[in-house]
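Enquirer: Just the structure for this:
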Amino acid sequence: MLALIWGLHILLLNNSYEQMKIREVDEIASTLHSSYIRNDEHLTETIQELSITNDLYVLMESGGSLLLFNPEQESVVPVYRYQSQIPKLREALQAAQGKASVHFKFTTSFEKYNTLAYGRMLSAVPHQEVYLYIFSPLYPVESTVNILKTQLFTVTIVTLILAFAMAGFFSTRIARPIKSMTATARRMGKGDYNVKFEGGGYSEINNLALSLNTAAYELGMADVRQKDLVANVSHDLKTPLTMIRSYAEMIRDLSGDIPEKRNAHLQVIIDETMRMSQLVGDMTSISAMNTKKIVLEKESFDICAVAASILASYEVLQEQEGYNFVFNHPKECIVYADKKRIEQVISNLTGNAIKYCGEDKTVIVNIKRAGQYCLVEVTDYGPGIKADDLPHIWDRYYKTSTNYVRPTSGSGLGLSIVKELLTLHRVNYGVDSKVGKGSTFWFELDVARKQLPSRQKTQHTQKDAPSGQPESTSSSDK
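Expert: Below is the predicted model:
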């Protein structure tokens, strides 16, 4: 900005001054031309006023006679000074071929500065042409330039001082919180996720601090979940490994030659191996879901048949431990989804209901048509879930304060897998529970009339907890 000001006022001042003078003289000539055309009786007074006000010499020529309209100024000297330029202006106007005006600069022997010579034709009647001549001195601007240089030098010094002072102030104000956040980020990079990023001064920096605080919190939670995962997996693997080792040693030392005991001990080893396999499989599923490697293979199938097949696998619990399975469903309900994944969802929810069912050991599976959707519910009458625990039951390895009705060999990832699979299907799901009355886990699937548009975002809603067995179109105890 300073360079621009210096260039405009010092380098271009003289040219700007000349252009301004030309415009000023042209406007005056237009005014006089209008007065002449109107036969203004005050034309002489107008010329006199404009000449004195703007330091001009105005002459008129008509029929070869030179007329002077500003008699109170030096009458002879201007004519004597500029009479050599009058023929040049006349010839230039005659050669202009309709051009409104002509002008040029010249220097007389009496003056050390340029003079602007301006000519304009007021009347073009042959042999009665009337010409207007205006002469305006272009006084030197060196003294003005010197004054401006002094002023601009002072302005430049003051401006630079203020600019550097303001730049230092604002840069310090911006840099201080950034330096603080940089140091805090180094601490976070070393594993301290309890840090707090402080903003200050500007909304952009405050927004950055808020984003970094959110990132620190999420990293801290991820670190906690990772440690919990390692601890839980270690615990879940330790028990079956201990069992396998113990029963293997018993077979070697005690029951190797006793077929009945040997087979019982081998069955324990097989069961514990299956438990470890289930844990590894669940962890693999969770990992695949987190890395977005699971691709749904949707097809049309009867979800009633799928649920019936899953419940049939629990008949041994009914026979050996007295469990009661109630299955309420229509004749058929064809849905459009990934059959394998939905089987896993129903299996996990049923296993969870068996784990937490009440003293009556009753598990109810309901399938209903609800418009364009199929509603699947898995209900138990166990201790229920506290309201504070409801938002967390989908988390991995989260455990409520309730006790299991029967010891199970779950991996602790069942509900987390249910959540991920239903989220991939983009369907509504949730849980309704009241302490002491039981819980109902539910989800919806698109009916397979046609592939419906994507559903709204997953919702977790509260319904009334079950107070008795629901109505159904058909039921069977297994």
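
Enquirer: Report the secondary structure element holding residue 118.
Expert: Taking DSSP states H and E as the definition, one finds residue 118 inside strand 114-123.

Enquirer: Same check on residue 295?
Expert: Per DSSP H and E, there is no helix or strand for residue 295.

Enquirer: Mind giving me the packing neighbours of the helix or strand hosting residue 47?
Expert: Here residue 47 sits within helix 43-54, counting by DSSP H and E. If you count contacts as 3 or more C-beta pairs under 8 Å, 6 or more residues apart in numbering; DSSP states H and E, helix 43-54 packs onto helix 13-37, strand 57-62. Using the backbone N, CA and C atoms, a C-beta is placed for each residue, glycine as well.

Enquirer: for it, which positions count as buried?
Expert: Across helix 43-54, burial judged by 16 or more other C-beta atoms under 10 Å covers 46, 47, 48, 50, 51.

Enquirer: Please work out which of the helices and strands packed on helix 43-54 is packed deepest.
Expert: strand 57-62 (a mean of 20; mean count of other C-beta atoms under 10 Å).

Enquirer: That one pairs with which strands?
Expert: strand 65-68 (antiparallel), strand 130-138 (antiparallel) (DSSP bridges).

Enquirer: Any chance of these in a markdown table with mean neighbour count and distance to residue 254 as columns?
Expert: What follows is the strands paired with strand 57-62, written out as a markdown table (neighbours: other C-beta atoms under 10 Å; distance: least, C-beta to C-beta, whole Å):
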| stretch | mean neighbour count | distance to residue 254 |
| --- | --- | --- |
| strand 65-68 | 12 | 145 |
| strand 130-138 | 21 | 125 |
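
Enquirer: Among those strands, which one carries the weakest average confidence?
Expert: Mean pLDDT values for the strands paired with strand 57-62 show the minimum at strand 65-68, a mean of 64.

Enquirer: returning to that earlier point: can you tell which of the strands paired with strand 57-62 is closest to residue 388?
Expert: strand 130-138 (91.2 Å; C-beta to C-beta).

Enquirer: That closest one to strand 114-123, inter-axis angle?
Expert: 160 degrees (axes from the mean of the first three to the mean of the last three C-alpha atoms, to 10 degrees).

Enquirer: by how many degrees do strand 130-138 and helix 13-37 diverge?
Expert: Using the same axes, to 10 degrees: strand 130-138 against helix 13-37 is 150 degrees.

Enquirer: domain parsing for the chain?
Expert: 2-140, 203-290, 298-477 (automatic domain parsing).

Enquirer: picking that back up, of all the helices and strands packed on helix 43-54, which one is nearest residue 228?
Expert: Across these, closest to residue 228 is helix 13-37 (C-beta to C-beta), at 77.7 Å.

Enquirer: Show the average pLDDT along the closest one.
Expert: Rounded mean pLDDT across helix 13-37 is 85.

Enquirer: what do you get for stretch 436-454?
Expert: On average, stretch 436-454 scores 77.

Enquirer: re the thing from before, closest to residue 60 among the buried residues of helix 43-54?
Expert: residue 47 (8.4 Å).

Enquirer: Just the pLDDT at the closest one, thanks.
Expert: Residue 47 is given a pLDDT of 84.

Enquirer: Could you do the one 4 residues further on as well?
Expert: Confidence per residue is given as pLDDT, and for residue 51 that number is 83.

Enquirer: After the helix or strand that contains residue 178, which helix or strand is next? Please name it.
Expert: For residue 178, the element it lies in under DSSP H and E is helix 142-189. Sequence-wise, the next helix or strand downstream of helix 142-189 (DSSP H and E) is helix 203-250.

Enquirer: got a markdown table for the buried residues of helix 43-54, with distance to residue 210 too?
Expert: Below are the buried residues of helix 43-54 laid out as a markdown table (distance: C-beta to C-beta, whole Å):
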| residue | distance to residue 210 |
| --- | --- |
| 46 | 73 |
| 47 | 75 |
| 48 | 76 |
| 50 | 69 |
| 51 | 73 |
